[in-house]
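[1] structure of the sequence below:
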Amino acid sequence: MEASELIQDSDDVCPHVEVSVTTTNPPAPPHPPKVANGNPTRHTSSSPSSPSPPPADAHDGKKKPERCKLSSLLQQNQLIHSLSTSLRRHCDYVKISVPEERANRLPKEWWKTGVAFLYAVFNLVFTTVIITVVHERVPDKSVSPPLPDKFFDYVDRVPWAFTITEVNGLILMGLWFIQWIFLKHKAIVGRRCFFLIGTLYMYRCVTMYITTLPVPGKHMVCAPKLYNDSTGKIWRILRLISGGGLSLTGSHLMCGDFLYSGHTVMLTLSYLFIKEYSPRWMWWYHWVCWLLSASGVICILIAHEHYSIDVVIGYFATTRTFWWYHTMANTHALRQSPSNYLSRTWWNPVFNFLERNVQTTVPIVFSWPVVLPSSCRQRYRMVEGGRDE
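    From the prediction side, this is the model:
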C-alpha cells in the first residue's frame, strides 16, 4: 500500500504537508570603539610588507549558508520521522475477512472418525466370530488333504517364515500409527483408514463363510472342535481378540480363515497409507516400507500358511478398494457426476457421509499431536520475533 493511501485513511495525519524553512542571522550590533584611560584608541598603520589578518566577518559569512543547510535538514528529518511513526501507529494491521466456508474446507469432525472406528472394531470382532464358526466346518486332514498349489510345488516350506510376516506387519502398523499421530488432518485420514479396515474385514467374513477351504499343509495344528459348546466358543473368541489373531501370541489355533489372507490385507493397507500420506521426497522411506510389505507377503507363501489364491485375492481386494475410495475423495468432480460408475458401489452413501464436508484434497502437513501451553507459545513468538529483527 502506498504512503499517500495510508495518509488519506488516517484521520490524524494531514493529507499534504509543506514545509519551508528560512533562517536569517541578525546583523551584529556595531561595537563602540574601545577606550583606554578615557581616550579613544589610536590606529597605527602597519608596514606594507606585513599582510593584515582577514576580518572576522569574512569567516562568519562563509559559515552562515552551512548552518542554514544543517538546520533545514534536521527539521526535515524530524518531520519524516514523525510522519512514519504516525503511519505505523495507525496503519500497522490490515484486517482481511475470509468467508467461513472457504476457511473451513477441511473440518475435523472427530465424531465421524469415532463412528468409523466403531465400524472397524465391530467388523474385526465379527471376524473372530466367523473364524470360530468356520473352524467347526473345516474338514479333517485325513479326509480332505491340502489342495494343489503351484507355488507349493516349487517352493518348500520354511517354518520360521511366518514369524517374519507377523514381525514385518507389526513394524508397518507401528510406523503408520506414528505417522498418523503427527498428521495435521488426522481426523479425516483416520476415518478413511478405519472405514477401509472395517470394509475389507467384512468382505473377508463373507468369503470365509461361503467357501471353507481345507488346510493348506499337513503341518498345521488345529484346535479340537467344540460343536455345541457355546461357552467354549466364547472363550476362544475372547482369546483370539486378546492376542490380536497373531501366531506370535499363541492365540490363533483355529483353522478355516484362509480365503482371503488377513495378513496380506494389513501388510498391503499399511504400506498404501504410509505412501499416500507422506511427502514424495521421502522415497527411501517408501522403499523400506515396500520391502517390508512385499517380503511379508512372500513369507506367507513360503511358510505355506495360505494358498496362493488367498494372497492374490487379498492383495486385489485391498488395493482396488483403497484406490477407488481415494479416487472419489480426491476428485471432487466425480462425486456429483452422473457418469461416475464408482458411485454405484454399495458403500457410496457411507462415503458421502464421511466425506461430504471435505471440499479439497487433504494436504500432507505434519504438526505436534499435543497443543503447547500458552506460556510456551508466547515464548516461541518472542524467540521468532527476535530472530526476525
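
[2] shaky segments in this structure?
    Along the chain, the model assigns pLDDT under 70 to residues 1-66, 83, 86-103, 372-389.

[3] how about the helices of it, start to end?
    In the chain, helices defined by DSSP state H lie at 3-9, 56-90, 100-103, 110-135, 150-154, 161-181, 186-210, 230-242, 262-276, 283-302, 308-330, 348-355, 374-388, listed in chain order.

[4] buried ones in the fourth one?
    It refers to helix 110-135. For helix 110-135, burial by neighbour count (16 or more other Cβ atoms under 10 Å) applies to 112-113, 115-117, 119-120, 123-124, 127-135. Backbone N, C-alpha and C define where each C-beta goes, glycine included.

[5] return the most buried member of the helices of the chain.
    Mean neighbour count (mean count of other Cβ atoms under 10 Å) peaks for helix 262-276 among the helices of the chain, with a mean of 23.

[6] by contact count, what packs against that helix?
    Here helix 262-276 touches helix 161-181, helix 186-210, helix 283-302, helix 308-330, going by 3 or more Cβ pairs under 8 Å, 6 or more residues apart in numbering; DSSP states H and E.

[7] closest to residue 84 out of the ones you listed?
    Across the helices and strands packed on helix 262-276, residue 84 has its closest neighbour in helix 186-210 (46.1 Å, Cβ to Cβ).

[8] make CSV out of the helices of the chain and add distance to residue 219.
    Converted to CSV, these look like this (distance: least, Cβ to Cβ, whole Å):
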stretch, distance to residue 219
helix 3-9, 83
helix 56-90, 81
helix 100-103, 60
helix 110-135, 17
helix 150-154, 11
helix 161-181, 11
helix 186-210, 21
helix 230-242, 21
helix 262-276, 17
helix 283-302, 13
helix 308-330, 16
helix 348-355, 41
helix 374-388, 57
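
[9] returning to what we had before: export the helices and strands packed on helix 262-276 as JSON lines, with columns for distance to residue 150.
    Formatted as JSON lines, these follow (distance: least, Cβ to Cβ, whole Å):
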{"stretch": "helix 161-181", "distance to residue 150": "18"}
{"stretch": "helix 186-210", "distance to residue 150": "21"}
{"stretch": "helix 283-302", "distance to residue 150": "10"}
{"stretch": "helix 308-330", "distance to residue 150": "7"}
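
[10] residue 253 is nearest to which of those helices?
    Proximity to residue 253 (Cβ to Cβ) singles out helix 161-181 among the helices and strands packed on helix 262-276, at 13.9 Å.
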